[in-house]
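# Below are the sequence and a predicted model; questions follow.
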Amino acid sequence: MSCKCFGGAVLKRKRSSSGQTSHDFDGNLPENVRGLSYNELRSATNNFHASNKIGRGGFGIVYKGTLKNGKQVAVKTLSARSKQGVREFLNEINTISNVRHPNLVELIGCCVQGADRILVYEFVENNSLDRALLGARDKTIRLDWEKRKAICLGIARGLTFLHEELNPHIVHRDIKASNILLDGDLNAKIGDFGLAKLFPDNITHISTRIAGTTGYLAPEYALGGQLTMKADVYSFGVLILEIVGGRSSARENWGGTEKFLLEWAWQLHEEGRLLELVDPELGDYPEEEILRYMKVAFFCTQAASSRRPLMGQVLDMLSRNIRLNEKQLTAPGFFNNSGGLGGPSSSKKSCADSSTYNMSSVPDTITQVMPR
C-alpha cells in the first residue's frame, strides 16, 4: 500500500518477517528541499543531546543544531512509534516546500534515511509564543502591547498569504500559540504544517478526519469534520484573546466556574467588563485599540462559520482604526470536549450554523483531537 501526499513523495509500507511494519521512501524530494544525512544532523545536535532540546511536538522532539557551514537550524525528529506522523512528515514537506513568506517558518531540508524521518527548519531565536506568553513569569521576554499587536498582525499576514495569495490555498488546521515562533526581533512566524491541507478554489469544504487542539477547534469542524478556511479564522480569534489576556485558551476556573477563555471573554463582553480580560503585565495600554482587537476575535469565532470574516478582512480590521459593526456580533461557538457544541447565552441550534449538523452522528470520542 502506498500513501501519496500532494505529489512528489511516496511512502511504501511493507511487513517484515517479524510482523513489524516498516517504511521505505520512494520518490524524489522537491528540488528546493536539501537532503541531509542522519550523521550530519547527529553531529549538528551533538548526538541529539538533551541540552539542545527546544521543544516537543505531537510526533517527536525538536532540537537546536548547527550545520557544518555554521548555520543554526531547528531539527524536528519524527517518533518511530508514530504511525500517523510519517504521513504528516511527507505532508509537511510537500505542503510548504515552495512556500516563502516573512511570517512563515522556512523549511531548509530533511533526512529520509532508513527508519529516520527528520525535518530541518530555520532556527527561530525566541522559541514559541506559547513559551513567551504563557510560560514562567520570570522569563526575559517582555511583551508589551506594541509587541503583542505586531505579533497579531504578523500571524494575520501569514494566514492571509496562505488563504488568499497562494494557489491552491493552504488551510493550516492547527493555529495555536505553540505553533507560532518568534524570531530575534519578535516577528511572528507560523510553523508546523503537519496537519495542513491544500484547498483548491473550486471546492467549498473538505470532509476530513478531525485534528487539532482543544480550545482552538471551530465547532462545525470538531463535530462534522467539515473543513474550510474559516476553521483557521476561528483558531486565530481564540489566539488573539490569548495574546491580549496572557492566559491559555483551555478550560480554567473563571469567575468560580470552569470555562473556556472564549466563553469567559464573551461573558465579560456582555457584562461590559471586557477590559478585565487584559493581561495585568501589559501595564499602560490603549483601551480602545485593545477592545477593538478583542471584538475582532469575537467576529472570528462566530458560531456560524458563514458569519466569520475572511483573513484578509481580519487583517484589515486589525490594521486600521475602523468602527466595527458590533450589532452583527452573535455569541461565539465552541466545541465543549464532550461531543457537543457550546455557546454562551445561545442554544445548540443557533451555534450550529444551520440544521445540517446531525448531533447523533457525533463520535463519542475524537481521538485525533490533541489536548492543549
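Received the coordinates, thanks.

# What segments of the stretch 1-150 of the chain are strands?
2-4, 10-15, 21-26, 34-35, 53-57, 60-66, 72-77, 107-113, 116-122 (DSSP state E, counting those that start in this stretch).

# which regions of the stretch 51-200 of the chain sit below the pLDDT cut-off?
57-59, 79-89, 91, 136-140, 198-200 (pLDDT under 70).

# Next, count neighbours for Gln302.
25 (other C-beta atoms under 10 Å). All C-beta spots, glycine's among them, are computed from the backbone N, C-alpha and C.

# ok, and the closest non-adjacent residue to it?
Arg308 (5.1 Å; C-beta to C-beta, 6 or more residues apart in numbering).

# Also Ser128?
That would be Ser178: by C-beta to C-beta, 6+ apart, it lies 5.0 Å from Ser128.

# How about the secondary structure of the one you found?
helix (DSSP: H, G, I helix; E, B strand; the rest coil).

# Distance-wise, check it relative to Glu165.
With distances taken as C-beta to C-beta, to the nearest Å, Ser178 is found 25 Å from Glu165.

# For these two, indicate the residue with more neighbours.
Using other C-beta under 10 Å as the criterion, Ser178 and Glu165 rank with Ser178 on top: 21 against 11.

# Pretty sure that one sits against Asn127.
No. Ser178 lies out of contact with Asn127 (C-beta atoms under 8 Å); the separation is 9.5 Å.

# Give me the common contacts of the two.
Common contact partners of Ser178 and Asn127 (C-beta atoms under 8 Å, 6 or more residues apart in numbering): Gly55.

# what about the helices in the chain?
38-44, 83-96, 129-134, 145-160, 219-224, 230-245, 261-270, 287-300, 311-319, 348-351 (DSSP state H).

# Tell me which other helices or strands the fifth one touches.
Going back to what we said before, that points to helix 219-224. Judged by 3 or more C-beta pairs under 8 Å, 6 or more residues apart in numbering; DSSP states H and E, the packing partners of helix 219-224 are helix 230-245, strand 334-335, strand 341-342.

# I'd like these laid out as a markdown table, including mean pLDDT, mean neighbour count and distance to His169.
As requested, the helices and strands packed on helix 219-224 are exported to a markdown table (pLDDT from 0 to 100; neighbours: other C-beta atoms under 10 Å; distance: least, C-beta to C-beta, whole Å):
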| stretch | mean pLDDT | mean neighbour count | distance to His169 |
| --- | --- | --- | --- |
| helix 230-245 | 96 | 26 | 10 |
| strand 334-335 | 70 | 28 | 24 |
| strand 341-342 | 55 | 22 | 26 |
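
# In TSV: the ones you listed, plus distance to Leu291.
Putting those into TSV (distance: least, C-beta to C-beta, whole Å) gives the following:
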stretch	distance to Leu291
helix 230-245	10
strand 334-335	21
strand 341-342	24
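
# Please identify which of those is closest to Asn94.
Nearest to Asn94 among those is helix 230-245 (19.0 Å), distances taken as C-beta to C-beta.

# Go ahead and measure how far that closest one is from the middle of the chain.
Relative to its chain's centre, helix 230-245 lies at 10 Å (C-alpha atoms, centre = their mean, to the nearest Å).

# Give me the domain ranges for this protein.
Split into domains by automatic domain parsing, the chain comes to 2-122, 129-370.

# which residues are in contact with stretch 311-322?
152-153, 156-157, 159-160, 163-164, 229, 232-233, 236, 289, 292-293, 296, 299-300, 309, 324.

# Show me which residues of it are buried.
Neighbour-count burial for stretch 311-322 flags Met311, Gly312, Gln313, Val314, Leu315, Met317, Leu318 (criterion: 16 or more other C-beta atoms under 10 Å).
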